[in-house]
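Visitor: What shape does this take:
(2 chains)
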Protein chains: 2
Amino acid sequence: MMAGLLGNNVITQIGILVHDIDKVSQAYADFFGVPKPEARWTDAADKAQTEYNGEPSEARAKLAFIDMGSLQLELIEPDLHPSTWRNYLDEHGEGPHHIAFFIEGMKEKVTLLETNGFPLQQKGEYTGGRYAYMDTFKELKVLVELLENDK
Amino acid sequence: MMAGLLGNNVITQIGILVHDIDKVSQAYADFFGVPKPEARWTDAADKAQTEYNGEPSEARAKLAFIDMGSLQLELIEPDLHPSTWRNYLDEHGEGPHHIAFFIEGMKEKVTLLETNGFPLQQKGEYTGGRYAYMDTFKELKVLVELLENDK
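Guide: A predicted model of the protein is given here:
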């Protein structure tokens, strides 16, 4: 089983929770000498169809992406509605939250991980794809996000 | 100043603090379908010349490296001596601690970062190179490690 549960082990994003995305985006721009990324809100609930712990949630977040070599660094400033972002930020404070991987077949992957003991924590849709945060923290000490883009 | 303070923005490692490196290494091996990495102690103080917050420290850690696409995931189980690893683990609990970058000219880079408001937190030597953890947490919400390998 060299392919593992995901089918690959290529980290495509590191997600970092922050209180003030504007300030932290500027700090990254200054530190790494890159343009300051523009932060954008995730889609509203009707489009994102966000579910957190099995329940629909109005939660949204402001996201900003910075290209770092072969992967992206994702800054995340969540709103106050229940979400993996809000909950983790309240419990752990600011800092890294997840590593993300592109997968194929979201439904099957989520089921595979769940049957292997990694519960689905949050999922949602975005233009052109969908995501799922799997609760791998106890075992891997970081959350794993699955990303699937439409072809 | 597009090159930024480091001269590049290619993340080469993500470092994750753990209490039980044997258990977490096995979990990564199972999850990603890769061989379980062997954990090894960092060098003793006479060779590592570890300094933490400007003072020599006996601190050591068990390290295990897992290749993840274009970067390495580094698992770190620190001993009880004062170190950035021990301190962060005690304060934040298990989870990601730093992102690492290869640089050239360690002494000059450390000075450059210090003059830009990012203090040196810990440094040390390893066979073939040296490292420095810079305290970027307040600004970047994660620590930055500088790595320099001899040519």
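
Visitor: The lowest-mean-pLDDT helix or strand in chain A: which residues count as buried?
Guide: Counting by mean pLDDT, DSSP states H and E, chain A has its least confident helix or strand at helix A:45-48, which shows a mean of 93. By neighbour count on 16 or more other Cβ atoms under 10 Å in any protein chain shown, the buried set for helix A:45-48 is A:45, A:48. (Each C-beta comes from the backbone N, C-alpha and C, glycine too.)

Visitor: from the middle of its chain, how far away would that helix be?
Guide: 16 Å (Cα atoms, centre = their mean, to the nearest Å).

Visitor: Next: stretch A:96-116.
Guide: Worked out by Cα atoms, centre = their mean, stretch A:96-116 lies 11 Å from the chain centre.

Visitor: outside of that stretch, which residues touch it?
Guide: By Cβ atoms under 8 Å, 6 or more residues apart in numbering or on different chains, the surrounding residues in contact with stretch A:96-116 are A:5-17, A:74, A:76, A:84-85, A:88-89, A:120, A:123, A:130-134, A:142-149, B:14, B:95-96, B:141-142.

Visitor: Return the subset of those lying in strands.
Guide: Secondary structure assignment by DSSP state E places A:13-17, A:74, A:76, A:120, A:123, A:130-134, A:143-149, B:14, B:95-96 of the contacts of stretch A:96-116 in strands.

Visitor: of those residues, buried ones?
Guide: For the ones in strands among the contacts of stretch A:96-116, a neighbour count by 16+ other Cβ under 10 Å gives the buried set as A:13-17, A:74, A:76, A:120, A:123, A:130-134, A:143-148, B:14, B:95-96.

Visitor: okay, and for chain A, where does confidence drop off?
Guide: Counting by pLDDT under 70, chain A contains low-confidence ranges at A:1-2.

Visitor: So which residues of it form helices?
Guide: Along chain A, the stretches classed as helices by DSSP state H are A:21-32, A:45-48, A:84-92, A:106-115, A:137-140.

Visitor: ok, the longest one near chain B or not?
Guide: What it means is helix A:21-32. Yes: using Cβ under 8 Å from any Cβ of the partner chain, helix A:21-32 comes into contact with chain B via A:24, A:27-28, A:30-32.

Visitor: Ok, the third one next?
Guide: Yes: shown here: helix A:84-92 in contact with chain B (Cβ under 8 Å from any Cβ) through A:His92.

Visitor: which of the residues in that helix are buried?
Guide: Across helix A:84-92, burial judged by 16+ other Cβ under 10 Å covers A:84-89, A:92.

Visitor: so can I have a markdown table of those showing distance to A:Lys47?
Guide: Shown next, in a markdown table, are the buried residues of helix A:84-92 (distance: Cβ to Cβ, whole Å):
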| residue | distance to A:Lys47 |
| --- | --- |
| A:Thr84 | 19 |
| A:Trp85 | 18 |
| A:Arg86 | 19 |
| A:Asn87 | 22 |
| A:Tyr88 | 23 |
| A:Leu89 | 23 |
| A:His92 | 28 |
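
Visitor: Closest to the centroid, which residue in chain A?
Guide: Per Cα atoms, centre = their mean, the C-alpha nearest to the average position across chain A is that of A:Glu145, at 5.3 Å.

Visitor: my guess is A:Gly129 meets A:Lys151, correct?
Guide: No: under the contact definition of Cβ atoms under 8 Å, A:Gly129 does not touch A:Lys151, with a separation of 9.9 Å.

Visitor: out of these two, which sits in the more crowded spot?
Guide: Using other Cβ atoms under 10 Å in any protein chain shown as the criterion, A:Gly129 and A:Lys151 rank with A:Gly129 on top: 13 against 6.

Visitor: Leaving aside the residues adjacent along the chain, what's closest to the more buried one?
Guide: The shortest distance from A:Gly129 to any residue that is not its chain neighbour, by Cβ to Cβ, 6 or more residues apart in numbering or on different chains, is 4.0 Å, and that residue is A:Asn149.

Visitor: List buried members of the residues of helix A:21-32 next to chain B by neighbour count.
Guide: A:24, A:27-28, A:31-32.

Visitor: For these, which two are the farthest from each other?
Guide: With Cβ to Cβ as the measure, no two of these lie farther apart than A:Val24 and A:Phe32, at 12.3 Å.

Visitor: any idea how far A:Val18 lies from A:Phe118?
Guide: 26 Å (Cβ to Cβ, to the nearest Å).

Visitor: Oops, could you answer that again for A:Asp20 instead?
Guide: A:Asp20 sits 31 Å away from A:Phe118 when distances are taken as Cβ to Cβ.

Visitor: of those two, who's got more company?
Guide: For A:Asp20 against A:Phe118, the residue with the higher neighbour count under other Cβ under 10 Å is A:Phe118, and the figures read 21 against 13.
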